[in-house]
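A.B. asks: Okay, predicted coordinates and the sequence, questions at the end:
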Amino acid sequence: MRALIQRVTHACVTVDGQDVGKIKRGILLFLAVVAGDGLQQCSKMVRKVAGLRIFPDSQGRMNLSVADVGGEILVVSQFTLAADLKKGYRPSFGSAQKPDLAEEMCENFCQELRAEGINVEQGVFGADMQVSLNNDGPVTFWLDFPPD
């Protein structure tokens, strides 16, 4: 699994002109499921995201998690994060998981995050989504748990 994580003051995902997911302070997380990913990668990713200390404490140090600050997470599936750009100029998506399995894994990821007590909003898997955000910092991280 791969994730691009952005600390935000707010974020929103829109499909066909309708807001389908919207958060205030928290994390906007773009998630890609790659071929071979399983529940083990999913659980590792959930634990890492839930525990990431990327929010400032009273001294301005990144020392608090999204739960510590009462934040939310907006998860947007994004298979393009699985792209291979090493060869040529056209991205190859051969390493992306098949859509039905990827959707199931994305849903599982969100359910596990909710089980951690975090409010989770979602985009619509496979839809043409427009995402707006205000990156706080800016603070952006890349997280990758490759298949075993």
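C.D. replies: Thanks, I have the structure now.

A.B. asks: When you work out contacts or count neighbours from here on, use the C-alpha atoms and nothing else.
C.D. replies: Will do.

A.B. asks: And what about the most centrally placed residue in the chain, helix, strand or coil?
C.D. replies: Nearest residue to the geometric centre of the chain (Cα atoms, centre = their mean): Leu29, 2.3 Å. Local secondary structure at Leu29 is given as strand here, using DSSP: H, G, I helix; E, B strand; the rest coil.

A.B. asks: top helix in the protein by residue count?
C.D. replies: Using DSSP state H, we find that the single longest helix of the chain is helix 99-115.

A.B. asks: got the contact list for that helix?
C.D. replies: 31-34, 38-39, 42-43, 46, 50, 75, 77, 120, 122, 125-126 (Cα atoms under 8 Å, 6 or more residues apart in numbering).

A.B. asks: try it again with 7 Å
C.D. replies: 33, 42, 46, 120, 125 (Cα atoms under 7 Å, 6 or more residues apart in numbering).

A.B. asks: so what's the backbone phi/psi at the fourth one?
C.D. replies: Per-residue torsions, Val120: phi -120, psi 130 (degrees, to the nearest 10).

A.B. asks: Check which helix or strand the nearest residue to it once chain neighbours are set aside maps to.
C.D. replies: Closest residue to Val120 apart from its sequence neighbours, by Cα to Cα, 6 or more residues apart in numbering: Ile73 at 4.9 Å. According to DSSP states H and E, Ile73 maps onto strand 72-77.

A.B. asks: Alright, I will stop here.
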